[in-house]
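# return atomic coordinates for the entry below.
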Amino acid sequence: KSMHAHALDDELFLSLLNREVNKNGLIGQNYCIQCHAQAAYLSDYDLSNINTLEDLNNLPASIKQGVTCTVCHTMTSPSSSVFTPDNAAAAIDDFHLNPGQNIFYGSIENPESNSFHDSEFLPFYSQSESCLPCHDQFIRGKDIEATFTEWQRVPGFSMSGAFPCQECHMPIKEDGHHDHTFSGIDINFESPNDLENENLNLLKTALSLDFNFESDSLKLDTLSIPIVVESFTGHRFPSGTSFTREAWVEISVFNPEGILLYQSGHIEDSSVPLDLSDEDLLLFTTWLLDENNDTTFSASDAYDFINNSLPALENCYHSYNLILDQSYSFLDIDLKMKFRALKPQIFDATNSHLIGSVPVYEITSSSKRIFNLEEF
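Numbering: from 1, shown residues only. Have a look, this model is predicted:
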């Protein structure tokens, strides 16, 4: 049920792949499948007529299964970051695979033998470098999808190899083997609840959200609400295709009768876009910019990007300032950190029926009652 298994077998991806093929032909196809279907990419398999999930049934198993065990476990050495050129052509040429010898490599030093394949230990399988090249892409020189580089920039991580990707995304199970569900944030639209608990549990370890008051009191006519978001994540948050993802704070202020006085960051469901005109909105995401400096959701069209994601292992301080219409004896304030893997704007007429399956996660929350000391 991992998203690696559904890297190609995904209705939204096929829709976006068709969009790229219609725009850029074979270049567009290879740009996508170099990471989503390596077997097709490396064998020059034509996917131009693959438009629906049903079409995948006609493909060889090694191709339709997306990112397979073979792709990851026949790597003999780590690859490098990917630097996509101006024409958005596929740029991965060093997967370093050895798939024909029936040897699977991994991080277990003395693997048990089995009747299916030989097994050999390679130390880099315990390092973040084993997630290259697909998780570190520079587009026209911009580090737009560069999770590995974000991790590497944390002081000490690249030198010591501390907190590799596997520690969070492939934790050790009770039997001593790595979990291969690769929990993260993406979902399989055919079964969107498959990883919901695993993803939420991982997201809950990503950051904390709390108030940052020096005193728990308010003035007669104004209220300033300082908050702090602290990252515990070894890369920016969100990362990867961060231009499709967003994390934000929902804040609600209630009077003593429980009537809502103020709210920012609230949406009714996953199909509703955030109100970007709200100057108080605390939002972590990125926006891609095309050659005309307009926003786009197509990475192949990106010439630059606006990075408003939360830096790794850093704090973000923010303040909400309200003018009150009257004096209150106390106010109740609720904070919630929300997250969704796909912005509603990425969907179009071909895939809009999928939007309701996108979960909106509540990562963490905090509440506080603020008293008006001048009332006492």
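
# which residues does stretch 145-162 contact?
Residues outside stretch 145-162 that contact it (Cβ atoms under 8 Å, 6 or more residues apart in numbering): 81, 127-129, 131-132, 135-139, 143, 163, 165, 234-236, 239-242, 299, 312-313. Placement of C-beta: from N, CA and C, glycine included.

# same question, stretch 85-98
The contact list for stretch 85-98, computed with Cβ under 8 Å, 6+ apart, reads 24, 27-28, 30-31, 34-35, 38, 41-42, 71, 74-80, 82-84, 133-134, 139-140, 300-301.

# with stretch 164-176 instead?
If you take Cβ under 8 Å, 6+ apart as the criterion, stretch 164-176 is touched by 107, 126-128, 130-131, 135, 147-148, 151, 178-180, 182-184, 202, 205, 234.

# buried ones among those residues?
Buried by 16 or more other Cβ atoms under 10 Å: 107, 126-128, 130-131, 135, 147-148, 151, 178, 182-184, 202, 234, out of the contacts of stretch 164-176.

# so which of those residues comes closest to Thr295?
Within those, the smallest distance to Thr295 is 21.5 Å, found for Thr147 (Cβ to Cβ).

# show me how to select, in ChimeraX, the buried members of the contacts of stretch 85-98.
Those of those that count as buried under 16+ other Cβ under 10 Å are selected in ChimeraX with:
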select :24,28,30,31,34,35,38,41,42,71,74,75,78,79,82,84,133,134,139,140,300,301
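
# narrow the contacts of stretch 85-98 to those in helices?
Taking DSSP state H, the ones among these that sit in helices are Asn24, Ile27, Gly28, Asn30, Tyr31, Gln34, Cys35, Gln38, Tyr41, Leu42, Val71.

# can you count the residues close to the closest residue to the second one other than its chain neighbours?
The one in question is Ile27. Take Ile27 and drop its neighbours on the chain: the residue closest to it by Cβ to Cβ, 6 or more residues apart in numbering is Ala89, 5.2 Å away. Neighbour count of Ala89, defined by other Cβ atoms under 10 Å: 15.

# tell me how far Ala89 lies from Lys64.
Going from Ala89 to Lys64 by Cβ to Cβ, to the nearest Å gives 24 Å.

# likewise Ser81?
Ser81 is 28 Å from Lys64, where distance means Cβ to Cβ.

# mind exporting the C-alpha coordinates of the helix or strand of the chain with the lowest mean pLDDT to CSV?
The helix or strand of the chain with the poorest confidence is helix 157-160; it has a mean of 82 (mean pLDDT, DSSP states H and E). Taking Å, rounded to 0.1, in the frame of the first residue of the first chain, the C-alpha atoms of helix 157-160 are listed here in CSV:
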residue,chain,number,x,y,z
PHE,A,157,23.7,16.1,8.9
SER,A,158,25.8,15.7,5.7
MET,A,159,29.0,15.1,7.6
SER,A,160,27.7,12.6,10.2
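
# Ser81 and Lys64: who's more crowded?
Lys64 (20 against 16).

# the residue nearest to that one when sequence neighbours are not counted and Tyr41, how far apart?
Spatially, and ignoring its direct neighbours in sequence, Lys64 is nearest to Leu56 (4.5 Å; Cβ to Cβ, 6+ apart). Distance of Leu56 to Tyr41, computed by Cβ to Cβ: 16 Å.

# got it, and Ile27?
Separation of Ile27 from Tyr41 (Cβ to Cβ) stands at 12 Å.

# could I get the full set of helices for the stretch 201-350 of the chain?
With helices called from DSSP state H, counting those that start in this stretch, the stretch 201-350 of the chain shows none.

# where does it dip in pLDDT?
Within the stretch 201-350 of the chain, the segments meeting pLDDT under 70 span 215-220.

# ranges for the strands of it?
Under the criterion DSSP state E, counting those that start in this stretch, the stretch 201-350 of the chain contains strands at 207-211, 222-231, 246-254, 260-264, 283-289, 295-296, 304-308, 315-323, 330-340.
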